[in-house]
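[1] What follows is a predicted structure for the sequence shown.
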Amino acid sequence: MAKVFSDERFVPVWLAAARSLNATPQKTERNFVLEITSPTLLGAGELQIINEIDSTLRKTADGIGVYTVAGTIFPQGPYLRFGRPDFYKRYLDSMKSGKKRGTWGTYAMRMMDRSHPKSRKTNNPLETIVSKLQKTKTERKIKSAYELGIHDVNDLLEGEVGCELPIYEPAIDGGRATNIPCLSHLSFKLTPAAGAVDLTAVYRSHHYAQRALGNLVGLSQLLHFVSKESGYAPGVLTCISTLAHLDVSSFGGADAATALLKRLP
């Protein structure tokens, strides 16, 4: 049975979900739904919570903190520095030159650079979504067109498919032992009455200590980018973890994780 965690901001939602997982024997549940109504807002003291989790992860896990995880979903720094569309190329060039051989890169790279399997022509699905939403200012306001589990960039470009953002590539990822990436699908929805864009993210597997808070930071930044650049307000962020797991080792073990989650306001 699904469990729903809802709040105005993402930090309280993440904390409630993490505490719920910590209370289970296996630290694992199915179908956690996180719903955040104002995902671009932070309440008093919430930045300090993010920083504390970031510091803990950089000391006890693989050295990857909250902000590094967030950057794999959306490169906020390059966007703020160079703006759209210049930041696309600058980000992709820097990541391609620094990417380790044999690795698949970042979610942001897949959002911004996809190639046709035959012609090898490259496209930018994220920019396609922004452009489609911009057109709704003067053309028909399609709320949700042809919902599909899209895994190929061509589905975005052929016809009127709506605002779907592909991540998973069966031809590349299907043979991996761990089936990475964990983020499977992103779906943007236009709510004309509210003048807002909503975002739903689906994870096949989600680590709530090592990754989830950073994922929520990155998703909120991605939603802010898409809504701002298309001329709408950021709407509701919904994150669905089909398998949610509290990896307590990332917080230094079971006792340390319990103490940390209890200590946070």
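    Looks like it came in fine.

[2] Put the alpha carbons of the top helix by length along the chain into CSV.
    Longest helix in the chain by number of residues, with DSSP state H as the criterion: helix 212-230. In CSV, the C-alpha atoms belonging to helix 212-230 read as follows (Å, rounded to 0.1, in the frame of the first residue of the first chain):
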residue,chain,number,x,y,z
ALA,A,212,16.8,11.5,-1.7
LEU,A,213,17.3,14.9,-0.1
GLY,A,214,19.7,15.9,-2.9
ASN,A,215,17.3,14.6,-5.5
LEU,A,216,14.5,16.8,-4.1
VAL,A,217,16.8,19.8,-4.2
GLY,A,218,17.7,19.1,-7.8
LEU,A,219,14.1,18.4,-8.8
SER,A,220,12.9,21.7,-7.2
GLN,A,221,15.6,23.5,-9.2
LEU,A,222,14.7,21.8,-12.4
LEU,A,223,11.0,22.7,-11.9
HIS,A,224,12.0,26.3,-11.2
PHE,A,225,14.0,26.4,-14.4
VAL,A,226,11.3,25.0,-16.6
SER,A,227,8.5,27.1,-15.1
LYS,A,228,10.5,30.3,-15.1
GLU,A,229,11.8,29.9,-18.7
SER,A,230,8.4,29.0,-20.0
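
[3] The helix or strand that that helix is followed by pairs with which strands?
    Per DSSP states H and E, the first helix or strand lying C-terminal to helix 212-230 is strand 233-245. Strands that pair with strand 233-245, judged by DSSP bridges, come out as strand 28-36 (antiparallel), strand 196-203 (parallel), strand 206-207 (parallel).

[4] can I get these in a markdown table with mean pLDDT, mean neighbour count and distance to Leu92?
    The way it works is simple: take the backbone N, C-alpha and C, and place the C-beta from them, glycine included. As requested, these are exported to a markdown table (pLDDT from 0 to 100; neighbours: other C-beta atoms under 10 Å; distance: least, C-beta to C-beta, whole Å):
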| stretch | mean pLDDT | mean neighbour count | distance to Leu92 |
| --- | --- | --- | --- |
| strand 28-36 | 98 | 19 | 29 |
| strand 196-203 | 93 | 22 | 22 |
| strand 206-207 | 96 | 22 | 26 |
